[in-house]
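1. Below is the structure, and that's it, no one-letter string:
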């Protein structure tokens, strides 16, 4: 996805019970990888006014 300049990718990591967010794509991969766990909140890079509770995704 990074090779094709997809700005942000979310991966639901069920074994680790977390949401992984990949950002800042380059030709060789993503520069930023963040992990969010139940109870955390995050916002979309393209819509920073929208916040999402990770519980809503993982439950």
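-> Thanks, I have it. This structure is a prediction, so every number in the text was calculated from the model and none was measured.
2. which stretches of this structure form strands?
-> Per DSSP state E, the chain carries strands over the ranges 8-13, 18-26, 29-36, 41-43, 51-53.
3. what's the offset of the second one from the middle of its chain?
-> Put plainly, it is strand 18-26. Offset of strand 18-26 from its chain centre (CA atoms, centre = their mean, to the nearest Å): 5 Å.
4. Partner strands of it and their direction?
-> strand 8-13 (antiparallel), strand 29-36 (antiparallel) (DSSP bridges).
5. Can you name the residues in contact with the shortest one?
-> Read it as strand 8-13. Contact with strand 8-13 is made by 1-2, 19-23, 30, 35, 44-46, 57-58, as judged by CB atoms under 8 Å, 6 or more residues apart in numbering. Quick note: C-beta positions are derived from backbone N, CA and C, even for glycine.
6. Now do the same contact list for the residue nearest in space to the middle of the chain.
-> The chain has residue 21 as the residue nearest its centroid, 1.9 Å off, counting by CA atoms, centre = their mean. Residue 21 makes contact with 8-11, 33-36, 42, according to CB under 8 Å, 6+ apart.
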